[in-house]
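K.L.:
return atomic coordinates for the entry below.
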Amino acid sequence: MKIEEVKKIAVFGCGQMGRQIGLNNAIYGFDTYITDANLEVVDNAQKWAEDYIKGRIEKGKLKEGEAKAALAKFHTVKTFKDAAEDADIIIEAIIEDKQIKEDFFSQIDKIAKKDAIIVTNSSFMVSSMFKEVISNPSRLANLHYFNPALVMKLTEVVQGPQTSDDTVQTLIEFSKKTGKKPVLVKKEIDGFITNRILRAVTNEALYLLEEGIATPEDIDTAAENGLNYPMGPFKLMDLTGIDTGYLVAKLMLEQTGFRKPGIDLLEEKYIKKEWGRKTGKGWYTYDKK
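P.N.:
Model prediction:
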């Protein structure tokens, strides 16, 4: 599929990541249909998009005409069929659970066009894990966005052993057309590029906390002021979601036996639903108003 042929995008998952991916596509002129198994969050996504666009107008970041055009391209729908039918690129941004994703891809494969490109936004689960439930796996790949997807420029296009060169090229061009700077990960590897580097930093930060060497605040201060990081590792965990970090660490432990430093601390936060900014409390406390 050539980038010129891409007209309709489907995004599954109306959480923070999915809705931002969807609105970003709409801002850059792609008709985007977004949905979720939880219909309540589908309705919330529409209001969120309207509020976000209004804020961009007020800040002078978007003109009235641009805002109107973006909202006209952003469609919330109630069923998987309405989103996926006739879509050229289908983006999965749901929970990091292998069985749930596998069930999703199996369902979508029955709805999607035979040449539709199907991607997972997962930062950990490689696309080849789901190739058995896709009738034409050459169109299956990872397209990994970074949080917040409306702001962060990078995408990682990950070529699985089943992914065709044409699929990769289309995803690279699509990323560029939607304001992103894509990098190609030529082989599947756990964590891809960015998260492998970030993981090393986060693991060491959790080790320092677990051993009682320093507090999250002091570790963040050291990273920000000594290494010139824009955000310390604990603040970043709060932004990206401690729940996601824990589930990835848990899956890694189950699959590889690697026990992430601080996994017990992450589990405690996960159980308490102290997931970071999204819940108002993580390593730090936030005003949710």
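
K.L.:
and the strands in this protein?
P.N.:
Under the criterion DSSP state E, the chain contains strands at 8-12, 31-35, 74-76, 89-92, 117-120, 140-145, 154-158, 181-185.

K.L.:
could the ones you listed go into TSV alongside mean pLDDT, distance to L62 and mean neighbour count?
P.N.:
Quick note: C-beta positions are derived from backbone N, CA and C, even for glycine. Below are the strands of the chain laid out as TSV (pLDDT from 0 to 100; distance: least, Cβ to Cβ, whole Å; neighbours: other Cβ atoms under 10 Å):
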stretch	mean pLDDT	distance to L62	mean neighbour count
strand 8-12	98	20	26
strand 31-35	98	16	24
strand 74-76	98	13	23
strand 89-92	98	23	25
strand 117-120	98	27	26
strand 140-145	98	20	25
strand 154-158	98	22	23
strand 181-185	98	21	16
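
K.L.:
so which of the ones you listed gets nearest K260?
P.N.:
strand 140-145 (19.6 Å; Cβ to Cβ).

K.L.:
where does the closest residue in space to N44 that isn't next to it in sequence land on pLDDT?
P.N.:
Nearest residue to N44, sequence neighbours excluded (Cβ to Cβ, 6 or more residues apart in numbering): C14, at 7.0 Å. pLDDT recorded at C14 is 95.

K.L.:
and if you look at A26?
P.N.:
The model's pLDDT for A26 equals 98.

K.L.:
neighbours of it, how many?
P.N.:
Close neighbours of A26, defined as other Cβ atoms under 10 Å, add up to 25.

K.L.:
same check, this time on I21
P.N.:
If you count neighbours by other Cβ under 10 Å, I21 ends up with 24.

K.L.:
partner residues bridging E92?
P.N.:
Counting by DSSP bridges, E92 forms beta bridges with F12, T120.

K.L.:
verify the contact between it and G13 for me.
P.N.:
Yes - contact criterion Cβ atoms under 8 Å: E92 and G13 qualify, at 6.8 Å.

K.L.:
shared neighbours, those two?
P.N.:
Here E92 and G13 have N121 as joint contacts, going by Cβ atoms under 8 Å, 6 or more residues apart in numbering.

K.L.:
if we can go back for a sec, export the strands of the chain as JSON lines, with columns for distance to L251.
P.N.:
Output for the strands of the chain, formatted as JSON lines (distance: least, Cβ to Cβ, whole Å):
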{"stretch": "strand 8-12", "distance to L251": "20"}
{"stretch": "strand 31-35", "distance to L251": "25"}
{"stretch": "strand 74-76", "distance to L251": "30"}
{"stretch": "strand 89-92", "distance to L251": "16"}
{"stretch": "strand 117-120", "distance to L251": "14"}
{"stretch": "strand 140-145", "distance to L251": "15"}
{"stretch": "strand 154-158", "distance to L251": "17"}
{"stretch": "strand 181-185", "distance to L251": "19"}
